[in-house]
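Chemist: when you get a sec, could you give me coordinates for this:
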Amino acid sequence: MARPVISSKKSALLGTKSIPSLLIQQAVPASIGILVMSLNILVDTIFVGNWIGPVAIAAINVVLPVSFFIAALGMAIGIGGASIISRALGKGDTEKAKRTFGNQLSITLLITVLMVVFGLIYINSLVPAFGGREAIFEPAKIYYRIVLYGVPVLALCMMGNNVIRAEGAPKHAMIAMLIPSVGNLVLDYVLINQLNMGMEGAAWATTISYGLCFAYVAWFFLSGRSELMPSLSQLLPDWKILGEIGSLGFVTLGRQATTSVLYLILNNILLDLGGEDSVTVFGIIGRLMMFAIFPVLGITQGFLPIAGYNYGAQQFKRVREVIFTSIKFACIMGAVIFVLLFVFAADISAIFIESQSIIDQTAAAVPIVFLAVPIIAIQLIGAAYYQAIGKALPALLLTTLRTGIILIPLIWILSDTYGLQGVWISFPIADVSSTLITAFFLWRAMKKLKDAPGHQDALEPHEA
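Modeler: Below is the predicted model of the structure:
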């Protein structure tokens, strides 16, 4: 078996420290960061709902697909490059890791600036297309324009955060997520509650918080705490690296793109089925989705650099161990989350809004939508495994399986037959179906890891 290149860098610990300890070290900061970010989104929704009104929640929900998609470019480039960086560090190739990061910086800036220009030019067409019609249009347009200004900065933050985690500095990655979350809440209070700026205040609070995050990420790389700070020459395009970043990053982009399409379709279907109240209900549920599965997402984030590094070092026994351990931890956390949501659905719903009708609708939908949360970790980690080891095609298929291939068609079909109830039951059906399919492919991949240690040729995607 090939041995990893040992260095004094923090990244070397990914190949030597015990898997449970590593996973806790990586996943806890990621989970805390996601938790605080999710709490920020929840509290932000509570502030907006109580200080501006329920239409404001619907308006922000309309804008989310646009900001999600453009921000997803940064996340896609970040995770795609992080996979290369983790494997390069596992092989001891620091030069390739730096060149990869340099190319990530250049391509992130180029693409997101172009997307912002496009988004601003077609603002009057995009907002209605995403469900911003009738009373929702004007507040959605105000929020959309201001938030769009900060999207390139957000994309750089998302990209940099994944690179920080890839080189074994999860605490700094966590802090980078905490800063905009806390900043947004403070700015919400000042701009909405104290200065009475309404939707403009909510939007500027979000945009300025992106800038605070970027300042910290830039400080991390410029202060010498990173082993990956690229030279100017490493910012120039390396087409082979860009191609690999693109193929792996497209997996994340595909997941986020399908989420944006889901919001687009749902906003329009819900507006037709139940009016603005139903769009607000899903706005609340959407925030709960981000909050509810934060431990599962944190474990998945922690899993990626460990799996990628050890795969690059050809320590396949450790790769299998981190898969098993991650799934076990995440499923336990998912079960706890479901119980809490099931028991306190009505109480949680009442926090967001005063309208009893919206509270009742949300409380009824939450247990249905989150029914399969205890097993969703298998699907997330299974897809993340292929991304971590650099196998773009199976990663893309498994990542988009749940939302793009199963959930969206189900919503079209079941909403037409069963109305709003059909929308909600589509979620657990899609979760269970995608988890079963992913479990099958993950089981085969793990069998090959066990049967052929040290032989990467046995791990090609067509065999998995």
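
Chemist: all the helices of the stretch 51-200 of the chain, residue numbers only.
Modeler: Under the criterion DSSP state H, counting those that start in this stretch, the stretch 51-200 of the chain contains helices at 54-90, 94-121, 123-129, 137-149, 151-166, 170-188, 198-222.

Chemist: buried set for stretch 215-222?
Modeler: Neighbour-count burial for stretch 215-222 flags 216-217, 220-221 (criterion: 16 or more other CB atoms under 10 Å). Using the backbone N, CA and C atoms, a C-beta is placed for each residue, glycine as well.

Chemist: show me which of those is closest to residue 252.
Modeler: Taking CB to CB as the measure, residue 252 lies nearest residue 217 of these, at 17.9 Å.

Chemist: who's in contact with the closest one?
Modeler: 156-157, 160-161, 164, 176 (CB atoms under 8 Å, 6 or more residues apart in numbering).

Chemist: with adjacent residues omitted, what lies nearest to it?
Modeler: residue 160 (4.0 Å; CB to CB, 6 or more residues apart in numbering).

Chemist: so what pLDDT did the one you found get?
Modeler: Confidence at residue 160, expressed as pLDDT, is 89.

Chemist: on that earlier part again, now list the buried members of the contacts of residue 217.
Modeler: Here, 16+ other CB under 10 Å leaves 156-157, 160-161, 164, 176 buried among the contacts of residue 217.

Chemist: which stretches of the stretch 251-400 of the chain have low pLDDT?
Modeler: Along the stretch 251-400 of the chain, segments meeting pLDDT under 70 are nowhere present.

Chemist: for residue 371, helix, strand, or coil?
Modeler: With DSSP: H, G, I helix; E, B strand; the rest coil as the basis, residue 371 sits in coil.

Chemist: and the one 10 residues further on, by the same measure?
Modeler: The local conformation at residue 381, judged by three-state DSSP, is helix.

Chemist: got the end-to-end distance for stretch 129-146?
Modeler: Counting by CA to CA, to the nearest Å, you get 18 Å between the two ends of stretch 129-146.

Chemist: list the helices and strands whichever strand or helix holds residue 376 packs on?
Modeler: In this structure, residue 376 sits in helix 376-388 according to DSSP states H and E. If you count contacts as 3 or more CB pairs under 8 Å, 6 or more residues apart in numbering; DSSP states H and E, helix 376-388 packs onto helix 54-90, helix 239-292, helix 294-312, helix 316-352, helix 392-400, helix 420-451.

Chemist: got the ones you listed as TSV, with mean neighbour count columns?
Modeler: Formatted as TSV, these follow (neighbours: other CB atoms under 10 Å):
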stretch	mean neighbour count
helix 54-90	27
helix 239-292	21
helix 294-312	27
helix 316-352	19
helix 392-400	22
helix 420-451	18
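
Chemist: export those helices to CSV and tack on distance to residue 108?
Modeler: As requested, the helices and strands packed on helix 376-388 are exported to CSV (distance: least, CB to CB, whole Å):
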stretch, distance to residue 108
helix 54-90, 5
helix 239-292, 10
helix 294-312, 19
helix 316-352, 28
helix 392-400, 19
helix 420-451, 29
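
Chemist: of those helices, which is nearest residue 373?
Modeler: Here helix 316-352 is closest among these (CB to CB), at 4.6 Å.

Chemist: re earlier: closest one to residue 442 out of the buried residues of stretch 215-222, please.
Modeler: Using CB to CB, residue 217 comes nearest to residue 442 of these, at 32.4 Å.

Chemist: now the closest one: how far from residue 76?
Modeler: 17 Å (CB to CB, to the nearest Å).

Chemist: quick one: closest of the helices of the stretch 51-200 of the chain to residue 32.
Modeler: Of the helices of the stretch 51-200 of the chain, nearest to residue 32 by CB to CB is helix 170-188, at 5.5 Å.

Chemist: tell me the angle the closest one makes with helix 151-166.
Modeler: Interaxial angle of helix 170-188 relative to helix 151-166 (axes from the mean of the first three to the mean of the last three CA atoms, to 10 degrees): 150 degrees.

Chemist: quick one: mean pLDDT for helix 170-188?
Modeler: For helix 170-188, mean pLDDT rounds to 87.

Chemist: could I get the buried residue list for that helix?
Modeler: By neighbour count on 16+ other CB under 10 Å, the buried set for helix 170-188 is 170, 172-185, 187-188.

Chemist: cool, and stretch 129-137?
Modeler: Buried, per 16+ other CB under 10 Å, within stretch 129-137: 129-133, 136-137.

Chemist: excluding chain neighbours, give the residue nearest to residue 235 in space.
Modeler: Using CB to CB, 6+ apart, the closest residue to residue 235 is residue 102 (4.4 Å).

Chemist: ok, back up a step: let's have the buried residues of stretch 215-222 in TSV, adding distance to residue 426 and pLDDT.
Modeler: Below are those laid out as TSV (distance: CB to CB, whole Å; pLDDT from 0 to 100):
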residue	distance to residue 426	pLDDT
216	39	94
217	37	92
220	41	91
221	42	89
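
Chemist: which one of these is nearest to residue 234?
Modeler: Of these, the one sitting nearest to residue 234 (CB to CB) turns out to be residue 221, at 12.6 Å.

Chemist: report pLDDT for the closest residue to that closest one other than its chain neighbours.
Modeler: Nearest non-adjacent residue to residue 221, counting by CB to CB, 6+ apart: residue 229, 5.2 Å away. pLDDT for residue 229: 81.

Chemist: need the contact list for residue 267.
Modeler: Residues in contact with residue 267, defined by CB under 8 Å, 6+ apart, are 61-62, 65, 130-131, 279, 282.

Chemist: 10 Å instead, please
Modeler: Counting by CB atoms under 10 Å, 6 or more residues apart in numbering, residue 267 makes contact with 58, 61-62, 64-65, 129-133, 136, 278-279, 282-283.

Chemist: ok, which pair from those is furthest apart?
Modeler: 129 and 278 (18.3 Å).

Chemist: possible to save the buried residues of stretch 215-222 as a markdown table with distance to residue 120?
Modeler: Shown next, in a markdown table, are the buried residues of stretch 215-222 (distance: CB to CB, whole Å):
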| residue | distance to residue 120 |
| --- | --- |
| 216 | 27 |
| 217 | 25 |
| 220 | 30 |
| 221 | 29 |
